[in-house]
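1. Dropping the sequence and predicted coords here.
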Amino acid sequence: MRFLVDEDVPEKLLRFLASSAHDAVRVKPQTSDINNMRRAKSEGRMLITLDKDCANIAMGSAESFDVLHFRIHPPYADSLIDAFKNMTASLPPSEIKGLLSVTLQGHIRYK
């Protein structure tokens with residue numbers, strides 16, 4: 001899978017994704033949420049973020065975005081990695097799209 005990783009996501013998750021054969025790159029620092037989402041869309045990537053504003057934009061926008069929003073606090077890297085593993089174990093890759101909110105207990109699809 002192809003991911004664009006927001007600057008608020010721990011580097012350890014980015015390294016995990018790369019070591020798991022995913023194509024994952026980091027956003028450019030201080031780029032706006034909407035521009036990160038548009039970049040992800042244009043590159044065929046899913047934006048991974050901790051920022052709930054991205055989830056709000058994805059829900060309220062007429063544009064279609066693929067956003068993986070982690071709702072895990074505190075957002076320790078190992079917790080995010082475990083949640084990602086659980087999500088990908090329970091969803092086929094074709095279902096990992098739209099707006100997904102991921103918690104430690106599972107995932108919730110919003111859009």
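-> Yes, it's here.
2. all contacts plus neighbour counts: C-alpha atoms, from now on.
-> OK.
3. show me where this structure has strands.
-> For the chain, the strands defined by DSSP state E cover 2-5, 23-26, 46-49, 67-70, 99-102, 107-109.
4. ok, and the closest non-adjacent residue to residue 97?
-> In space, and not counting its chain neighbours, residue 97 is closest to residue 66: 5.2 Å by CA to CA, 6 or more residues apart in numbering.
5. for residue 22, same thing?
-> residue 1 (5.1 Å).
6. and that neighbour, how many neighbours?
-> Close neighbours of residue 1, defined as other CA atoms under 10 Å, add up to 14.
7. how much space between it and residue 31?
-> 23 Å (CA to CA, to the nearest Å).
8. helices and strands of the protein: which one bottoms out on pLDDT?
-> One helix or strand of the chain scores below all others by mean pLDDT, DSSP states H and E: strand 107-109, with a mean of 77.
9. quick one: strands adjacent to it?
-> According to DSSP bridges, strand 107-109 forms sheet pairs with strand 99-102 (antiparallel).
10. Contacts for the strand it pairs with next, please.
-> With contact meaning CA atoms under 8 Å, 6 or more residues apart in numbering, strand 99-102 is reached by 55, 58-59, 65-72, 83-84, 87, 107-111.
11. tell me the mean pLDDT over it?
-> For strand 99-102, mean pLDDT is 92.
12. Output that strand as CSV, restricted to C-alpha atoms.
-> Written as CSV, here are the backbone C-alpha positions of strand 99-102 (Å, rounded to 0.1, in the frame of the first residue of the first chain):
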residue,chain,number,x,y,z
LEU,A,99,-12.0,7.8,6.1
LEU,A,100,-10.9,5.3,8.7
SER,A,101,-10.5,6.1,12.3
VAL,A,102,-8.4,3.6,14.2
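13. How far does that strand sit from its chain's centre?
-> 8 Å (CA atoms, centre = their mean, to the nearest Å).
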